[in-house]
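Quick one, what's the 3D model for this:
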Amino acid sequence: MARLPRVAAGGYPHHVLQRGINRQPIFHAPGDYRRFLDCVAEQLSVCEVAVHAYVLMPNHVHLLVTPATRDALSRFMQGIGRRYVQWFNQTYGRRGGLWEGRFRCTVIDAERYLLDCMRYIELNPVRAGLSPAPEHYLWSSYGHHVGLRIDPLITDHARFWALGNTPFERQHAYRALFETDLPIEQVERIRRATNRGRALLDAAESVPHDHPGWRPARPRGRPRKEGYGT
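Numbers count the residues shown, from 1 in each chain. Next comes the predicted model:
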């Protein structure tokens, strides 16, 4: 059966997931994480993509981005992937691919789901047992959003700016969102939408839907356990 084209829409936020092949590690040392972020920065200068949140896990990566055009996201991810894999293979004396097939993504309704998706991404190390709290994990955008550091990769989304009139108000309000766990049903909704390439929307009519992937994701079955989070 032919696979559907990947869902993509210029001007809308997308949650992107890229895994290592067979869920094997894609980062072995701090320098690997830094090099991947350098690859992201390099592509930001040539692709029309804004990054709103991210986390780098040992065997996969989550990004929350808004591409300016429908094709920009694919160019962005391909550019990152090629450069990082070339560097990784040279560094570790290996050959072949590193990624588990194509990256996965879902278009999300910013008003309803953007902040939850940011929490989903930045809580990944906590869910995976890699960190007791998001502020202790180095390889995510959480520190930027709560004022611990300035991350040059991040373009704050309008939904984040709406949390307050000043940086302090926004940072305080964002930190408060993490005082309670993200409901498991929301975790599953985001996870399934991303893995299945279905738009995360309350109503497909809220965005242009001339694409086979424009179908709201509905959670089914029991949560699936995954190594190093999902």
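
Could you use CA atoms for every contact and neighbour count after this?
Fine.

helices and strands around the longest helix along the chain, which ones?
Criterion DSSP state H: the longest helix present in the chain is helix 72-92. Here helix 72-92 touches helix 30-44, strand 49-56, going by 3 or more Cα pairs under 8 Å, 6 or more residues apart in numbering; DSSP states H and E.

Please enumerate residues in contact with the last one?
Meaning strand 49-56. For strand 49-56, the external contacting residues (Cα atoms under 8 Å, 6 or more residues apart in numbering) are 33, 44, 61-68, 72-73, 76, 118, 121-122, 124, 139-142, 153-157.

mind putting the helices and strands packed on helix 72-92 in a markdown table, distance to W99, mean pLDDT and mean neighbour count included?
Formatted as a markdown table, the helices and strands packed on helix 72-92 follow (distance: least, Cα to Cα, whole Å; pLDDT from 0 to 100; neighbours: other Cα atoms under 10 Å):
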| stretch | distance to W99 | mean pLDDT | mean neighbour count |
| --- | --- | --- | --- |
| helix 30-44 | 13 | 97 | 17 |
| strand 49-56 | 14 | 98 | 23 |
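
Reformat the ones you listed as JSON lines; add distance to E185.
Output for these, formatted as JSON lines (distance: least, Cα to Cα, whole Å):
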{"stretch": "helix 30-44", "distance to E185": "30"}
{"stretch": "strand 49-56", "distance to E185": "21"}
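
of all the ones you listed, which lies closest to A9?
With Cα to Cα as the criterion, A9 lies closest to strand 49-56 of those, at 11.8 Å.

With just CA atoms, put the closest one into PDB.
Output of strand 49-56 as PDB, limited to C-alpha atoms (Å, rounded to 0.1, in the frame of the first residue of the first chain):
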ATOM      1  CA  VAL A  49      11.600  27.600   9.800                       C
ATOM      2  CA  ALA A  50      11.100  28.900  13.300                       C
ATOM      3  CA  VAL A  51      11.900  26.600  16.300                       C
ATOM      4  CA  HIS A  52       9.700  27.100  19.300                       C
ATOM      5  CA  ALA A  53      10.800  24.100  21.500                       C
ATOM      6  CA  TYR A  54      13.000  21.100  21.400                       C
ATOM      7  CA  VAL A  55      14.500  18.200  23.300                       C
ATOM      8  CA  LEU A  56      17.300  15.900  22.400                       C
END
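
Now find how far off-centre that strand is within its chain.
From the chain centre to the centre of strand 49-56 is a distance of 6 Å (Cα atoms, centre = their mean, to the nearest Å).

Downstream of it, the next helix or strand is which one?
strand 60-67 (DSSP states H and E).

Which other helices and strands does that next one contact?
Going by 3+ Cα pairs under 8 Å, 6+ apart, strand 60-67 lies up against strand 14-19, strand 49-56, helix 110-122.

Pull out the buried residues from stretch 169-182.
R170, Q171, H172, A173, Y174, R175 (16 or more other Cα atoms under 10 Å).

Relative to L17, how far out is the most centrally placed residue in the chain?
For the chain, L63 is the residue whose C-alpha lies nearest the centre (Cα atoms, centre = their mean; 2.1 Å). Separation of L63 from L17 (Cα to Cα, to the nearest Å): 7 Å.

what's the overlap in contacts for those two?
With Cα under 8 Å, 6+ apart, L63 and L17 have no common neighbours.

what's the burial count for N195?
15 (other Cα atoms under 10 Å).

give me the number of residues near the closest residue to N195 other than its chain neighbours?
With sequence-adjacent residues excluded and distances taken as Cα to Cα, 6 or more residues apart in numbering, N195 is closest to R104, at 6.0 Å. For R104, the count of nearby residues is 21 (other Cα under 10 Å).
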